[in-house]
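A.B. asks: Provided below for reference: sequence and predicted model.
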Amino acid sequence: MTDLAAQGADAAHTPATVGRRRSYGRYVLGKVLGSAGSLAFVLVLGFFLFRVLPGDPARTLGRGRFRTEAQLEEFRATYGLDQPLPQQFLTYLKNTFSGDLGVSLRYRVPVSDLILDRLWPTLLLVGIATLLATVIGVYLGVISAWNRGKATDKVTTGTTLTLYSMPEWWLGLLLIAAFAVGMGPLPGIFPTGGLHSVDAEPGTIGYVGDTALHLVLPVLTLVLVYLADFSLIMRSSLLDEIGEDYLTTARAKGLRDVVVRRRHAVRNALLPTTTLIALSIGFVVSGAITVETVFSIPGLGLLATEALTIPDYWVLQGTFLVTSAGVILANLLANLVYGLLDPRVRS
């Protein structure tokens, strides 16, 4: 009798469990297929988008060096530019899936090596800025929502919106003028640009400190601009939670206001912010083109800007593919995590 009861209990629980698993499995499959489709679109767009740019890379690089048409034709044959466009595309797909992103026309090194070399400054710059903006922005959003309509809320929201409306390059130039060049009695404290000093010796503590000093202004620029993203999302999400019945119940149990906010309201309000954080991680790979340009940070953003001047097709394709793939992957992870945190989105 006991065995029958146990089997009945297992049978009663099995369909619901399997149903939940299948439901999330279908959800995961749909998101993975959608991300794969987005990546395929990026591959196609990345190839044809840069082929419509004005300028012939052979003639651009051949200024003063390629004096005859035969030399130009030899150059085109070497880089496959003499092939029909469909054939170039098939070659591009084959090389991409094998990890060969081509050779840079400007630097004459493999694009994959060039991207890896430039990736770390971007990760360092944008990664630190995103982390700081997330922590500070979420905190400011919580404080603003919990003090809605008060002076704290007005000052915080107004300040973050003002900073958000500023172009990154303009804010960066202001910080350079104020804290690097110096204004009036204020002397210049920080470097105007670059990631390291020329005389800094790699692998030493002084080298690390020198890098940190160079990153202060560009990181500060990105943090000030990104604050509004996290602050406003968190504020809006928390305001939706404040009027819920479970918070009233928590207060009725005698919990202090700060405990109600930290243990109950903020945890549920973090769900939309989780998606924003994951997407921001994806944009860490893409970097900040304007900030890297203004502060001369040798990252992916500055690399893409330099590649546009030739145009260096292979570098442009490589950076576009890597940055887009980073955003797509982060978006996929955000959807999967959100599906676990909130089962309602699976439908």
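C.D. replies: Done, it's in. Everything quoted here is computed from the prediction, not taken from an experiment.
A.B. asks: please identify the helix or strand for the nearest residue to residue 163 once chain neighbours are set aside.
C.D. replies: In space, and not counting its chain neighbours, residue 163 is closest to residue 224: 4.6 Å by CB to CB, 6 or more residues apart in numbering. Any C-beta I mention is one placed from the backbone N, CA and C, and that applies to glycine too. Using DSSP states H and E, residue 224 sits within helix 205-242.
A.B. asks: re earlier: so what's the residue nearest to residue 163 up against?
C.D. replies: Counting by CB atoms under 8 Å, 6 or more residues apart in numbering, residue 224 touches 163, 166, 171.
A.B. asks: the same query, at a cut-off of 10 Å, please.
C.D. replies: 129, 133, 136, 159-160, 162-164, 166, 168, 171-172, 175 (CB atoms under 10 Å, 6 or more residues apart in numbering).
A.B. asks: so among those residues, which ones count as buried?
C.D. replies: 129, 133, 136, 160, 163, 168, 171-172, 175 (16 or more other CB atoms under 10 Å).
A.B. asks: let me have the contacts of residue 224 in CSV, adding pLDDT and secondary structure as columns.
C.D. replies: Output for these, formatted as CSV (pLDDT from 0 to 100; DSSP: H, G, I helix; E, B strand; the rest coil):
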residue, pLDDT, secondary structure
129, 91, helix
133, 91, helix
136, 93, helix
159, 91, helix
160, 91, helix
162, 91, helix
163, 90, helix
164, 89, helix
166, 88, coil
168, 87, helix
171, 91, helix
172, 90, helix
175, 90, helix
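A.B. asks: let me know the closest of those to residue 263.
C.D. replies: Residue 263 lies nearest to residue 136 out of those, by CB to CB, at 21.5 Å.
A.B. asks: returning to what we had before: chain center to the helix holding residue 224: distance?
C.D. replies: The gap between where helix 205-242 is centred and where its chain is centred comes out at 13 Å by CA atoms, centre = their mean, to the nearest Å.
A.B. asks: the strands in the stretch 51-200 of the chain, which residues?
C.D. replies: 182-183, 186-187 (DSSP state E, counting those that start in this stretch).
A.B. asks: tell me the secondary structure of the closest residue to residue 333 other than its chain neighbours, please.
C.D. replies: Closest residue to residue 333 apart from its sequence neighbours, by CB to CB, 6+ apart: residue 278 at 5.5 Å. Look at residue 278: counting by DSSP: H, G, I helix; E, B strand; the rest coil, its state is helix.
A.B. asks: much appreciated, bye for now.
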